[in-house]
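>>> kindly return the folded structure for what I paste below:
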Amino acid sequence: MATVVKAKEKKLLGVVPNVFFLGLVSMLTDISSEMIFTLVPLFLSNVLGASTTIIGFVGGFTDAVDAVVRIPSGWISDKIGKRKLLAVLGYGFSTLCKPFMLLAASWGGVLAVRFGDRIGKGIRSSPRDALIADSAPASERGRSFGLHRAMDTAGAFLGLALAAVIIYAIEGTTSISLNLKTFNRLVIYGTIPALIAVLILLVLVKEKRKQEHVKAVGAAVQVQTQKPSVKFDKRFYIFLVIMAIFTLGNSSDFFLILRAQKLDVPLLQVTLMLLLFNATYVAVSYPMGVLSDKIGRRNIIIVGWLVYGLTYLGFALATKEWQAWILFAIYGIYYGMVEGNAKAFIADLVPAEKRGMAYGLFQGIVGVMILPASVIAGWLWSAISPSSTFYFGGALALLAMLGMLVLIRENRTVDGRTG
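Now for the predicted structure:
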């Protein structure tokens, strides 16, 4: 069995080119999505008059659709070895759907457009994450996912900044409600970066052959006739169960926006709060990814969930506008600690040839749980109080933390990788 020494690829921002360009694609796509979809709960509430239960259903159902599609998409990418092809299809379909928000005149119309956009996201996400894992050396996996999340979130920051400029130009600084003219302008301008992202993906991102999957993790080249491993580490299944519990309390972020509006925060300031959230997310993601390469992912995820639980407790108790500013900033810290590291942790646990399926299962279960989570959150909000939505989420975060502490052990190997 021959060992192949692969020439080092030129790095861009400390990562291999594929990771950088996939990060750029995600950044441009998030500019688009944040401009168009972040204020959808206010569009539903202020323009279309939808109830919080309907808003929760729209957010939860469409995220669940995204999640369900990720499972077969990841499996197919493993079978055909064409991660990039599926990513292009997914990004392209989402881009085609976005302009139809201009025609949405009811909550059903919003649901239909969001449904199509999430189908596209479901098609692309698992193959894209598997392509990142395939492209990055094992010793740089946390760094690579951390940079990808940072670039993705930088896109969200820029998208919200552009949205804030448009809102200021049309509505000024004091308006609390979103109007139709403002929303339509956001949709028109927001479609442009999504188109550019698809072009970059087509031209600059390279497919990885099956043999390269093995090289990327530092192992010997396997002959194509060798039967791949079909088993997952039992810790992977336990992690999925724990994530399901956590996500049942992690309802759509639509409710954070509604909570800020409940505190009489002007629309422009809500947008700026989301900017602050994304700024802290960007600032934390990359260093936390690098740190996880050195000390492991498990403890960082646990601490991140603690931050989440405290943030939700804060939203439950908040009574002042300034408190919302602080809470949005801390919420970004949670995302920066957990999002990239959870994906890197999965790459540590599963064989390279099964990563597409693993990410599909992970993201599928998480997304499916968002539907009941958001419906429960909407019901708690209207039937009991807005605070009860956040108490519930904080309690399940604590339960998930305990599960990670007791049930999952992270091993360290001689080359510094986690397993």
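>>> least confident secondary structure element in the chain?
Ranked by mean pLDDT, DSSP states H and E, the weakest helix or strand in the chain is helix 210-216, scoring a mean of 47.
>>> quick check: residue 90 touching residue 121?
Yes. The pair residue 90 / residue 121 is scored as a contact, 6.4 Å apart, by CB atoms under 8 Å. C-beta: built from backbone N, CA, C; applies to glycine.
>>> so where do the strands sit in the stretch 51-200 of the chain?
Remark: no strands are assigned in the stretch 51-200 of the chain by DSSP state E, counting those that start in this stretch.
>>> would you map the helices across it?
Counting by DSSP state H, counting those that start in this stretch, the stretch 51-200 of the chain has helices at residues 52-80, 83-97, 107-135, 141-171, 180-204.
>>> give me the buried positions along the shortest one.
Using 16 or more other CB atoms under 10 Å as the burial criterion, the residues of helix 83-97 that qualify are 83-84, 86-97.
>>> make JSON lines out of those and add distance to residue 133 and pLDDT.
Output for the buried residues of helix 83-97, formatted as JSON lines (distance: CB to CB, whole Å; pLDDT from 0 to 100):
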{"residue": "83", "distance to residue 133": "10", "pLDDT": "87"}
{"residue": "84", "distance to residue 133": "14", "pLDDT": "90"}
{"residue": "86", "distance to residue 133": "15", "pLDDT": "92"}
{"residue": "87", "distance to residue 133": "13", "pLDDT": "92"}
{"residue": "88", "distance to residue 133": "18", "pLDDT": "94"}
{"residue": "89", "distance to residue 133": "20", "pLDDT": "94"}
{"residue": "90", "distance to residue 133": "17", "pLDDT": "94"}
{"residue": "91", "distance to residue 133": "18", "pLDDT": "94"}
{"residue": "92", "distance to residue 133": "23", "pLDDT": "95"}
{"residue": "93", "distance to residue 133": "23", "pLDDT": "95"}
{"residue": "94", "distance to residue 133": "22", "pLDDT": "94"}
{"residue": "95", "distance to residue 133": "25", "pLDDT": "94"}
{"residue": "96", "distance to residue 133": "28", "pLDDT": "95"}
{"residue": "97", "distance to residue 133": "27", "pLDDT": "94"}
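>>> tell me which of these is nearest to residue 312?
For the buried residues of helix 83-97, the closest approach to residue 312 (CB to CB) belongs to residue 94, at 29.2 Å.
>>> distance of the closest one relative to residue 76?
Applying CB to CB, to the nearest Å, the value for residue 94 to residue 76 is 18 Å.
>>> ok so, going back, from the buried residues of helix 83-97, which single one is nearest residue 330?
Among the buried residues of helix 83-97, and counting by CB to CB, the member closest to residue 330 is residue 94, at 29.9 Å.
>>> test my guess that that closest one contacts residue 117.
Yes. Contact criterion CB under 8 Å: residue 94 and residue 117 qualify, at 4.9 Å.
>>> wait, residue 40 touches residue 114, no?
Yes. Between residue 40 and residue 114 a contact is recorded at 7.1 Å, counting by CB under 8 Å.
>>> other SSEs contacting the host helix or strand of residue 261?
Element membership for residue 261, per DSSP states H and E: helix 254-262. Counting contacts by 3 or more CB pairs under 8 Å, 6 or more residues apart in numbering; DSSP states H and E, helix 254-262 packs against helix 40-42, helix 52-80, helix 267-295, helix 321-349, helix 355-383, helix 386-407.
>>> could you dump the ones you listed to JSON lines with mean pLDDT and distance to residue 208?
Below are these laid out as JSON lines (pLDDT from 0 to 100; distance: least, CB to CB, whole Å):
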{"stretch": "helix 40-42", "mean pLDDT": "84", "distance to residue 208": "35"}
{"stretch": "helix 52-80", "mean pLDDT": "81", "distance to residue 208": "11"}
{"stretch": "helix 267-295", "mean pLDDT": "86", "distance to residue 208": "20"}
{"stretch": "helix 321-349", "mean pLDDT": "89", "distance to residue 208": "14"}
{"stretch": "helix 355-383", "mean pLDDT": "83", "distance to residue 208": "11"}
{"stretch": "helix 386-407", "mean pLDDT": "92", "distance to residue 208": "31"}
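>>> now the ones you listed as JSON lines including distance to residue 174 and mean neighbour count?
Shown next, in JSON lines, are the helices and strands packed on helix 254-262 (distance: least, CB to CB, whole Å; neighbours: other CB atoms under 10 Å):
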{"stretch": "helix 40-42", "distance to residue 174": "15", "mean neighbour count": "24"}
{"stretch": "helix 52-80", "distance to residue 174": "24", "mean neighbour count": "23"}
{"stretch": "helix 267-295", "distance to residue 174": "8", "mean neighbour count": "22"}
{"stretch": "helix 321-349", "distance to residue 174": "13", "mean neighbour count": "23"}
{"stretch": "helix 355-383", "distance to residue 174": "26", "mean neighbour count": "23"}
{"stretch": "helix 386-407", "distance to residue 174": "23", "mean neighbour count": "19"}
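>>> closest one to residue 136 among those?
Proximity to residue 136 (CB to CB) singles out helix 321-349 among the helices and strands packed on helix 254-262, at 8.5 Å.
>>> which elements pack onto the closest one?
Packed next to helix 321-349, using 3+ CB pairs under 8 Å, 6+ apart, are helix 107-135, helix 141-171, helix 234-248, helix 254-262, helix 267-295, helix 298-317, helix 355-383.
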